[in-house]
Structures are given as C-alpha cells and as structure tokens.
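Novice: Curious how this folds, go ahead:
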Amino acid sequence: MKEILAAFSTIWETYIWDPITHFSIGDALDIILLTLLLYGLFLFFKERRAGKLAIGLVFVVLVYGISDLAGLRTIHQLMEWIAPFFIILIAVVFQPEIRDGLERLGDKPF
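Specialist: Purely as a prediction, here's the structure:
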C-alpha cells in the first residue's frame, strides 16, 4: 500500500503540482493561441470537402505509426517509400484550400 501511495505522490507532484506552480502568462497565451488556431483549422476544413481528404491523410499517418510500433516492416517500408510523394499530393489535392486560406490570412489585419 505504501508503494501505491508513493507512486501516486510522485505522479501528483510530477504531472499535476509542478506544472500548476510553474504556469505563467506565456503558457496561458500559448494555450489560447493554439486553441484558436486549431478551431480555425477545424472550421476551415468543416466547410469544405477537404475535410474528408484530411481525415484520409490522418488515417495514412496512423497506419504509418502503427506499422512502426507493431513491427510491420513491409508496410512501414512501403509507407517510407511513398512518404516523399505525399507532400506533392497534399499540394495538388489541397491547392484550392491552401490558396483560399492564404487569401483569408492576407485579408485580415493583425
């Protein structure tokens, strides 16, 4: 029982108490800006058909990660061979969304 309490105490101090005591205004600003960025991306993809394409891209990245963790060498090697072409694929498939996003970014004053 003492080991469990000691482990809980270590977890409490490491992952809960220390981050709370070292939390600064910069951390709060970082969280707020990241939240706004992710929410903006969510809305951007939600109103376009590119949202489904983005889900497919996330699926491919998950397959890559799972193949690495599970030791599926053939699938992982194929994914590594295909990976350089994904950058070109992303640029071609998401070209209208990238263009629209950059136009919106340029229209808004800071």
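
Novice: contacts for the worst-scoring helix or strand of the chain on mean pLDDT?
Specialist: Lowest mean confidence among the helices and strands of the chain (mean pLDDT, DSSP states H and E): helix 95-107, at a mean of 79. Helix 95-107 is contacted by residues 44-45, 48, 50, 91 when judged by C-beta atoms under 8 Å, 6 or more residues apart in numbering. For every residue, glycine as well, the C-beta is placed using N, CA and C.

Novice: Ok, stretch 40-48 next?
Specialist: For stretch 40-48, contacts defined as C-beta under 8 Å, 6+ apart pick out 51, 54, 97, 101.

Novice: Identify, from the residues you listed, the entry nearest to Ser9.
Specialist: Taking C-beta to C-beta as the measure, Ser9 lies nearest Ala54 of those, at 42.1 Å.

Novice: list the contacts for the closest one?
Specialist: Going by C-beta under 8 Å, 6+ apart, the list of residues near Ala54 reads Phe45.

Novice: Low-confidence bits of this protein, can you list those?
Specialist: Along the chain, segments meeting pLDDT under 70 span 49-50, 108-110.

Novice: Could I get the full set of helices for it?
Specialist: 2-11, 18-21, 25-46, 50-70, 73-93, 95-107 (DSSP state H).

Novice: CA atoms only for the third one - export them in PDB, please.
Specialist: The C-alpha coordinates for helix 25-46 follow below in PDB (Å, rounded to 0.1, in the frame of the first residue of the first chain):
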ATOM      1  CA  ILE A  25       1.100  34.100 -18.600                       C
ATOM      2  CA  GLY A  26       3.100  32.900 -21.600                       C
ATOM      3  CA  ASP A  27       1.700  29.400 -21.100                       C
ATOM      4  CA  ALA A  28      -1.800  30.700 -21.000                       C
ATOM      5  CA  LEU A  29      -1.200  32.700 -24.100                       C
ATOM      6  CA  ASP A  30       0.300  29.700 -25.800                       C
ATOM      7  CA  ILE A  31      -2.800  27.600 -25.000                       C
ATOM      8  CA  ILE A  32      -5.200  30.300 -26.100                       C
ATOM      9  CA  LEU A  33      -3.400  30.900 -29.500                       C
ATOM     10  CA  LEU A  34      -3.100  27.100 -30.200                       C
ATOM     11  CA  THR A  35      -6.800  26.700 -29.400                       C
ATOM     12  CA  LEU A  36      -7.800  29.500 -31.700                       C
ATOM     13  CA  LEU A  37      -5.600  28.100 -34.500                       C
ATOM     14  CA  LEU A  38      -7.000  24.500 -34.200                       C
ATOM     15  CA  TYR A  39     -10.500  25.800 -34.000                       C
ATOM     16  CA  GLY A  40      -9.900  27.900 -37.100                       C
ATOM     17  CA  LEU A  41      -8.500  24.900 -39.000                       C
ATOM     18  CA  PHE A  42     -11.500  22.800 -37.800                       C
ATOM     19  CA  LEU A  43     -13.900  25.400 -39.200                       C
ATOM     20  CA  PHE A  44     -11.900  25.800 -42.400                       C
ATOM     21  CA  PHE A  45     -11.900  22.100 -43.200                       C
ATOM     22  CA  LYS A  46     -15.500  21.600 -41.900                       C
END
